[in-house]
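Undergrad: next come a sequence and a model predicted from it.
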Amino acid sequence: MFKLSPFRLKTFRQCRRRYKYRYVERIPSRPSAYNTVGAHVHSALKLFFQSVPPDQRLPQRLLDLLLEQWQTNRAGFLSLEDEEQWRERALGMLRRFGEEQDLTAQPLVLEGYFELALNPRLAIIGRVDRVDQENGALHIIDYKTGRQPNEVDDHQLHLYTVLLERQLLQPVARASYLYLEDGKPWSVTPTPERLEESLETAEAAYREMISERQYAADVGRHCAFCEYQSICPRREEIIGRRLAEGW
């Protein structure tokens, strides 16, 4: 059975060449600072809500958990100075979280894995960062280690909504991205029409994925975080665009 995650779908829609390298050829990627920091921030937040009693959840404890996680993996940094800059950036994210978010919340789900078969050939899968119960309904929260972009892609939130509603048999009232660097939440209120549209998008993408042969490389801001930039056939163009546009 073909297992389609929101990230796999996003990768295919952004750049089919990156999709080919990652999912078809399965080329191992080098560790990156961005991915290492993202993993540590997510782990610290999970441990904070999972292991620390609500009355002991002080902002400093969250920062301590991040620093403890940091020692487990320091791969992907260009230098000690680069690592220090990333560490301060990550600490800044969690300081803001500690100041602005409800630290006594008791999530229903933390990094839960869900899988839903749509038909005999295709399943939707996803790992959801956090689910809270609010007034008899669910609130999906997906942490993003960055700032809110000018244009937000909400397909991931709607696919998570389908997974949660069908697996937990409870309605999802709200689904949010929480951008940790600027503290901004971006939320949607799912509707049946929008959920159906997201499923149709996923099924159409699946059909394209299994028939794709060209895997063209698409250049854009997403290239800044691509782990396959060094082998991309449009690498020189990417370098030029990054210098000219500042990404």
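TA: On my side now, so go ahead.
Undergrad: mind checking how far the closest residue to residue 155 other than its chain neighbours is from residue 171?
TA: For residue 155, the nearest residue in space outside its immediate sequence neighbours is residue 198; the separation is 5.5 Å by C-beta to C-beta, 6 or more residues apart in numbering. All C-beta spots, glycine's among them, are computed from the backbone N, C-alpha and C. Between residue 198 and residue 171 the distance is 16 Å, computed by C-beta to C-beta, to the nearest Å.
Undergrad: what about those two, which has more around it?
TA: residue 198 (23 against 12; other C-beta atoms under 10 Å).
Undergrad: secondary structure element for that one?
TA: Counting by DSSP states H and E, the element that carries residue 198 is helix 192-211.
Undergrad: next: residue 131.
TA: Mapping residue 131 onto the secondary structure by DSSP H and E places it in strand 122-134.
Undergrad: show me what contacts the closest residue to residue 39 other than its chain neighbours?
TA: Distance criterion C-beta to C-beta, 6+ apart; nearest residue to residue 39, sequence neighbours excluded, is residue 73 at 7.1 Å. In this structure, residue 73 makes contact with 36, 39-40, judged by C-beta atoms under 8 Å, 6 or more residues apart in numbering.
Undergrad: so for the strand holding residue 131, mean pLDDT?
TA: Confidence over strand 122-134 (mean pLDDT, whole number) is 97.
Undergrad: pull out the buried residues from that strand.
TA: Applying a neighbour-count criterion of 16 or more other C-beta atoms under 10 Å, one finds 122-126, 128-133 buried in strand 122-134.
Undergrad: after the helix holding residue 198 comes which helix or strand?
TA: The element immediately downstream of helix 192-211 (helix or strand, assigned by DSSP H and E) is helix 235-245.
Undergrad: do you know how far residue 56 is from residue 183?
TA: 23 Å.
Undergrad: looking at those two, which is more packed in?
TA: The residue with more neighbours, out of residue 56 and residue 183, is residue 183; 15 against 9, by other C-beta under 10 Å.
Undergrad: pLDDT value on that one, please?
TA: At residue 183 the predicted local confidence, pLDDT, stands at 92.
Undergrad: wait, doesn't it sit right on residue 94?
TA: No: counting by C-beta atoms under 8 Å, residue 183 does not reach residue 94; the two are 10.8 Å apart.
Undergrad: for the residue nearest the centre of the chain, give me its contacts.
TA: Closest to where the C-alpha atoms of the chain average out (C-alpha atoms, centre = their mean) is residue 144, at 5.9 Å. Listed by C-beta under 8 Å, 6+ apart, the contact partners of residue 144 are 177-180.
Undergrad: still on that earlier bit, now, which of the buried residues of strand 122-134 sits nearest residue 153?
TA: Relative to residue 153, the closest of the buried residues of strand 122-134 is residue 126; by C-beta to C-beta it sits at 14.5 Å.
Undergrad: mind listing the residues bridging to that closest one?
TA: In this structure, residue 126 bridges to residue 114 when assessed by DSSP bridges.
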